[in-house]
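Student: Have a look at this fold, sequence not included:
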C-alpha cells in the first residue's frame with residue numbers, strides 16, 4: 001500500500017511540477033499579451049491623433065478651396081465681361097482698313 005501511495009505521491013508531484021511549469025508559461029504569455037495590448041493601445045491613440053489632425057487639415061483645405069472657388073468665379077465673370085467688350089482681331093483689321101482709307105481720302109482732299 002505504501003508503494004501505491006508513493007506512486008500516487010510521485011505522480012501528484014510530477015503533475016504539480018507540470019502545473020507549475022504551465023503556470024509560468026501562462027504568466028509569461030499573459031505578460032507578453034499585456035505588453036502587446038499596451039503597444040496596440042499606444043498605436044491606436046497615435047492613429048486617432050493623426051486622423052484628428054488630418055481632419056483639421058482637410059477642414060482648413062476645404063475652407064481655402066471654397067474661398068478659391070469664389071475668387072475663380074469672380075475671375076470668370078470678369079473675363080466674360082472683358083471678352084464681350086473687347087475688340088476682336090477682325091475689328092482691329094476693319095479699323096486699320098478704314099483708317100487707311102480715310103487717310104488716303106484726307107490726303108486727296110488736301111492735295112486737290
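Tutor: Yep, it's here. None of the values given here were measured: they were computed from a predicted structure.

Student: List the buried residues for the strand or helix carrying residue 100?
Tutor: Residue 100 belongs to helix 89-111 when assigned by DSSP states H and E. By neighbour count with 16 or more other C-beta atoms under 10 Å, helix 89-111 contains no buried residues. Every C-beta, even on glycine, is put in place using the N, C-alpha and C of the backbone.

Student: Which parts of the protein are strands?
Tutor: Remark: no strands are assigned in the chain by DSSP state E.

Student: What ranges does the protein have for its helices?
Tutor: 2-85, 89-111 (DSSP state H).

Student: I'd like the ones you listed laid out as CSV, including mean pLDDT.
Tutor: Below are these laid out as CSV (pLDDT from 0 to 100):
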stretch, mean pLDDT
helix 2-85, 96
helix 89-111, 93
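
Student: what does the helix holding residue 100 contact?
Tutor: Residues from elsewhere that reach helix 89-111 (C-beta atoms under 8 Å, 6 or more residues apart in numbering): residue 87.

Student: just how off-centre is it within its chain?
Tutor: 62 Å (C-alpha atoms, centre = their mean, to the nearest Å).

Student: For stretch 85-93, measure first residue to last.
Tutor: End-to-end distance for stretch 85-93: 17 Å, by C-alpha to C-alpha, to the nearest Å.

Student: so who does residue 3 touch?
Tutor: Applying C-beta under 8 Å, 6+ apart, no residues contact residue 3.

Student: ok, it to residue 14 distance?
Tutor: As judged by C-beta to C-beta, to the nearest Å, residue 3 and residue 14 stand 16 Å apart.

Student: Cheers, nothing more for now.
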